[in-house]
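Trainee: need coordinates for the below:
(chains A, B and C)
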Amino acid sequence: MQTENSQAEKVPFWLDPKMRAIVYQIGTLCMVGLLAYYLVSNTLINLERQSIATGFGFLHKESSFEIGESLISYSAASTYGRALIVGALNTLLVSFIGIILTVILGTVIGIARLSKNWLVSKLAAIYIEFFQDIPVLLQLFFFYALFYEILPSPRQALHPFAGVFLCNRGLVFAIPEFHLTHAYMGISFLAGCIAIYFLRRWARRRQAKTGRTFPVFSVSVGMLVLLPGITWLAGGAPTAMSVPELKGFNFQGGVNVSPEFSALLLGLVLYTAAFVAEAVRAGIQAVSKGQREAAMSIGLRPNRVLQLVILPQALRVIIPPLTSQMLSLTKNSSLAVAIGYPDFVSVANTTINQTGQSIEGVALIMLVYLIFSLSTSAFMNWYNKRVKLVER
Amino acid sequence: MDAYVQDKPAEELKPPVASVGLIGWIRANLFNGWFNSLLTIVTLYFLWIVVPPFIRWAFIDSVWNTTGAVCRNADGACWSIITTNFRFILFGFFPYDQQWRPLVAMLLLFGLLFYSRNRNHWTKGLGYSWIAGLVGMGFLMKGGLFGLPSVESTQWGGLPLTLLLSVFGLTAAYPLGVILALGRQSRMPAIRLLCVIYIELIRGVPLISLLFMGSIIFPLFLPEGITINKILRAQAAIILFTAAYIAEVVRGGLQAMQRGQYEAAESIGLNYFLTMRLIILPQALKIVIPPTVQQLISAFKDTSLVVIIALFDLLKTSQTVLSNPEWMGFSREAYIFVAILYFLGCFSMANYSRKLEKELSTEN
Amino acid sequence: MNEETPKSTDMQAIEEPMIEIIDMHKWFGEFHVLRGIDLTIHKKERIVICGPSGSGKSTLIRCINRLEEHQRGKIIVDGIELTNNLKNIEKIRAEVGMVFQHFNLFPHLTIVDNLALGPIWVRKVPRKEAEEAAMHYLEKVHIAEQAHKFPGQLSGGQQQRVAIARSLCMSPRVMLFDEPTSALDPEMIKEVLDVMIELAQEGMTMIVVTHEMGFAKSVAHRVLFMDFGQIVESNTPEEFFENPQHDRTKLFLSQILH
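Mentor: Alright, predicted model coming up:
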């Protein structure tokens, strides 16, 4: 067969896959571009017609609305920009506390689901099925309504324990009055954490050298309790508390957790914990029975079997869905707008209503949540790469 | 080694009494060791203090078919709020005498769903029936032909609206999601980039922001004089949202396909579209049926968010009833009722999904 | 027949009992899976157990290291009785090694770490010593070059040899084998059986549940046939294969030796 390299037959460009690919892509980009152009030009015309401003200049304008709860100082005279920061901080607050509580509750329920105790396991299954199948917004409304309809006014507040009050203004409880010793207690706690790190290193080295194990876990827990405790005693054992007292129509002193925050936190945690429980259960069950048997037949005790063989393998399966549940909780916190908790979406919504600049407002909302999601994805990818099981 | 070898077959003995039967079961499952026994006792105590008062509130002391005033004097649950306002909660502002139409539409939907449960019925005919059914449902709601008075979409509400948003949402989102998933797998960088950006963007933001976008921003995209009604805007937002999640689900299926399938199709000479349509997609989509049903469940729950943009779905109609002074303060009862409806829907779908998963895994 | 294998009667004479099972019964729920097992195994003895599936042979050896619990009768391992007493169970498990059908290596640890895990955490041996012992046993099963790989990178036959080394690392007095070659591709069975034969020649007490009759003929002192939860026949390999006594044994042998 003759091959004429210098004069290879030219393939007509409409049959050449590479050319086609380029044509398709250019075509798609053109279509998308045209669509975008059409939408944008309409938008600009409409915005002008309705005399709505564009751009982010509104961030420097005075907001003239109050925000019920804020971690930083804020008033109606502050700017929209500051208002949005308050909202973002509130979102972070409820997400952070929510995630911690959810992981704890979800893990407990997930393990309970696998318990050999039939009663506990069945109750866990009912919990999981029940809370997964009811929309989270409905749960938020329900708990919020509970606060307003069941709980009495401050004057007749429920008083379950000394210093704790439950009324329709929220949960009010006493906290220790701030004293310098508390700052030192915080420092000693941090010092304890650092000490634990070095303790673990030392214990591991000692075990490698001599084979003797050291009860690192119990000693660590003891340290985290004793160090701040001793500091407290050394500081004169200050016991002054800021106790809430009924003055007029409401409580003064202590800490007031609003019904909005409580309902939001409760609803989010109970809902997401059901999904976390399933992830934990799936992770533990993913470790084959034979692993446990092999570990036991070597003579390892149950707690070592868990620590050395089961948990490392289970965590690989649990962490990815766990991370996406944490992200889901953060996104669901946006529902705060429905019950009046001033999270980011809530504040942005008010801003949009007042300035009319909906595009900038919605864009900001999307941007903030995108930052959360993308950082979570990046973390998950990094984690997955790190713990990938090595195979052929 | 000694072994006592048995000549005759041994009789089958009964196990020790304490290890089987009811006593054995209780011993093994409830009182197995001191920790479990403690747990059982604590759990039983907890149930004891929670369940009887609840039963008393919900059933024994409850009132069922009275006015609001009577309810306030009663101790128990006021289910009258449901019984008296039943039709409003379920159908919203739909004209009273025409409410048979959304009812028939819902029954049609349930009938199709029920018939579709058996996988042996999954034929092309069923696909066409679904399309006809969906058109029929839309027609029943809208009216305007064949003597049925037209009912504007602003009056649609309650359970039919929730079902409509979910079902149409998923049906329209599915093809879009498949296209996005294929686009994400594509070797053409521009297309892959566009699809990735879309999917990651939509999955990264909460649904509420898309609903806001739908209700506030979509009108700005249109030239003056053209308007889209509110429901359509919310539906569009739900479709765009669900499509991104479906795309990820389908991507999982595509990635699970073995390389050999693509190669076999190529060697027969099939082009891209035929390969996808005849070989890859039928298998990939079958693999991901369970996660797809999960998506349907999520879409069903997510429609509850339209209450925030003031569409009269099931949640909003209940809240409207609660804002009536006569029925104010009975949120618990109203929300429990709505919760039961959602629970029934989601639970049956979840159950079905688990059953499907078992069937499919034993098949492959 | 291997000339070096002493007769069973000699075993009884010179060695003490390692494992004694007395009238042992076990039920799975209502199902009576082990019906009155009486068995004594002496030190350095090698037993092969065969039988149809469901006969209870795997359950029997899993009772010896308490992976399964027996409801009636006694099991005594190296003088320690197997009861609910956790301390006894731990002691027995340290003396009894087990090799599983599906290897059960720990996929998240390297081969060396798989072996060193037991000595470090159960016998409290310093890491260096544990790793040296691990390398010694890896060399014994001819797989030392794979020491720093992960189980997922090894073939089935290699994994099973590592599993054997892992059990040996705990210096057990008895080795239990639960169908060690049933999950292997045919070309890998020999490498595992060779390791087991070497182990036998060093005098390890072994109980092997298997259908590999060649192995039984070459190293076993006795072959047991189990059916429906009972030991039906027990004999030297030659007698077992050439003169099966019971009809059930004859039937079984005809099915596997085709």
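
Trainee: going forward, measure contacts between C-alpha atoms and count neighbours the same way
Mentor: OK.

Trainee: now do the strands in the stretch 51-200 of chain C.
Mentor: Secondary structure of the stretch 51-200 of chain C (DSSP state E, counting those that start in this stretch): strands located at C:72-77, C:80-81, C:96-99, C:174-178.

Trainee: looking at those, which is buried most?
Mentor: Each of the strands of the stretch 51-200 of chain C was assessed for mean neighbour count using mean count of other Cα atoms under 10 Å in any protein chain shown. The highest is strand C:96-99, with a mean of 26.

Trainee: that strand and chain A, are they touching?
Mentor: Yes: judged by Cα under 8 Å from any Cα of the partner chain, strand C:96-99 and chain A are in contact via C:96-98.

Trainee: please, where are all the helices along chain C?
Mentor: For chain C, the helices defined by DSSP state H cover C:8-14, C:57-64, C:86-95, C:111-121, C:127-140, C:156-168, C:186-201, C:213-219, C:237-242, C:247-256.

Trainee: any idea which of the ones you listed gets closest to B:Val104?
Mentor: Among the helices of chain C, the nearest to B:Val104 by Cα to Cα is helix C:57-64 (60.0 Å).

Trainee: tell me the angle of that closest one relative to strand C:174-178?
Mentor: Using axes from the mean of the first three to the mean of the last three Cα atoms, to 10 degrees, the inter-axis angle of helix C:57-64 relative to strand C:174-178 is 150 degrees.

Trainee: pretty sure B:Pro15 is in a strand, no?
Mentor: No: secondary structure of B:Pro15 (DSSP: H, G, I helix; E, B strand; the rest coil): coil, not part of a strand.

Trainee: quick check, it in contact with C:Trp27.
Mentor: Yes: look at B:Pro15 against C:Trp27 with Cα atoms under 8 Å: they come within range, at 6.2 Å.

Trainee: on that earlier part again, of all the helices of chain C, which lies closest to chain B?
Mentor: With Cα to the nearest Cα as the measure, helix C:8-14 is the member of the helices of chain C nearest chain B (6.3 Å).

Trainee: now that closest one: average pLDDT?
Mentor: Helix C:8-14 shows a mean pLDDT of 55.

Trainee: just give me the neighbour total for the residue in the stretch 51-200 of chain C positioned nearest to chain A.
Mentor: Closest to chain A within the stretch 51-200 of chain C is C:Pro126: 3.8 Å, counting by Cα to the nearest Cα. Burial measure for C:Pro126: 20 neighbouring residues, criterion other Cα atoms under 10 Å in any protein chain shown.

Trainee: now it. Nearest residue, chain neighbours left out?
Mentor: In this structure, C:Pro126 finds its nearest non-sequential neighbour in A:Gly211, 3.8 Å apart by Cα to Cα, 6 or more residues apart in numbering or on different chains.

Trainee: now do the phi/psi pair for that neighbour.
Mentor: phi 90, psi -10 (degrees, to the nearest 10).

Trainee: where does the stretch 251-392 of chain A dip in pLDDT?
Mentor: Applying pLDDT under 70 to the stretch 251-392 of chain A picks out residues A:392.

Trainee: quick check: closest non-adjacent residue to B:Trp122.
Mentor: Computed as Cα to Cα, 6+ apart, the closest residue to B:Trp122 that is not its neighbour in sequence is B:Ser116, at 6.7 Å.

Trainee: what's near enough to touch the residue of the stretch 201-350 of chain A found nearest chain C?
Mentor: Going by Cα to the nearest Cα, chain C is nearest to A:Gly211 of the stretch 201-350 of chain A, at 3.8 Å. Under the criterion of Cα atoms under 8 Å, 6 or more residues apart in numbering or on different chains, the contact list for A:Gly211 reads C:120-121, C:124-127.

Trainee: show the pLDDT at it.
Mentor: Taking A:Gly211 on its own, its pLDDT is 83.

Trainee: burial count for A:Leu92?
Mentor: 16.

Trainee: can you put the helices of chain C in a markdown table and add mean neighbour count?
Mentor: Shown next, in a markdown table, are these (neighbours: other Cα atoms under 10 Å in any protein chain shown):
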| stretch | mean neighbour count |
| --- | --- |
| helix C:8-14 | 13 |
| helix C:57-64 | 21 |
| helix C:86-95 | 19 |
| helix C:111-121 | 25 |
| helix C:127-140 | 19 |
| helix C:156-168 | 25 |
| helix C:186-201 | 16 |
| helix C:213-219 | 19 |
| helix C:237-242 | 17 |
| helix C:247-256 | 14 |
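
Trainee: export the ones you listed as JSON lines, with columns for distance to B:Tyr342.
Mentor: Output for the helices of chain C, formatted as JSON lines (distance: least, Cα to Cα, whole Å):
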{"stretch": "helix C:8-14", "distance to B:Tyr342": "72"}
{"stretch": "helix C:57-64", "distance to B:Tyr342": "48"}
{"stretch": "helix C:86-95", "distance to B:Tyr342": "49"}
{"stretch": "helix C:111-121", "distance to B:Tyr342": "50"}
{"stretch": "helix C:127-140", "distance to B:Tyr342": "58"}
{"stretch": "helix C:156-168", "distance to B:Tyr342": "50"}
{"stretch": "helix C:186-201", "distance to B:Tyr342": "56"}
{"stretch": "helix C:213-219", "distance to B:Tyr342": "62"}
{"stretch": "helix C:237-242", "distance to B:Tyr342": "68"}
{"stretch": "helix C:247-256", "distance to B:Tyr342": "58"}
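
Trainee: closest to A:Thr323 out of those helices?
Mentor: Nearest of the helices of chain C (Cα to Cα): helix C:111-121, 29.6 Å.

Trainee: please name every helix or strand in contact with that closest one.
Mentor: helix C:127-140, helix C:156-168 (3 or more Cα pairs under 8 Å, 6 or more residues apart in numbering or on different chains; DSSP states H and E).

Trainee: report the distance from the longest one to the chain centre.
Mentor: The chain centroid and the centroid of helix C:127-140 are separated by 22 Å, computed with Cα atoms, centre = their mean, to the nearest Å.

Trainee: returning to what we had before: tell me which of the contacts of A:Gly211 is nearest to A:Gly283?
Mentor: Among the contacts of A:Gly211, and counting by Cα to Cα, the member closest to A:Gly283 is C:Trp121, at 24.6 Å.

Trainee: correct me if wrong: that closest one contacts A:Leu300.
Mentor: Yes: using Cα under 8 Å, C:Trp121 is in contact with A:Leu300, at 7.1 Å.

Trainee: no further questions, thank you.
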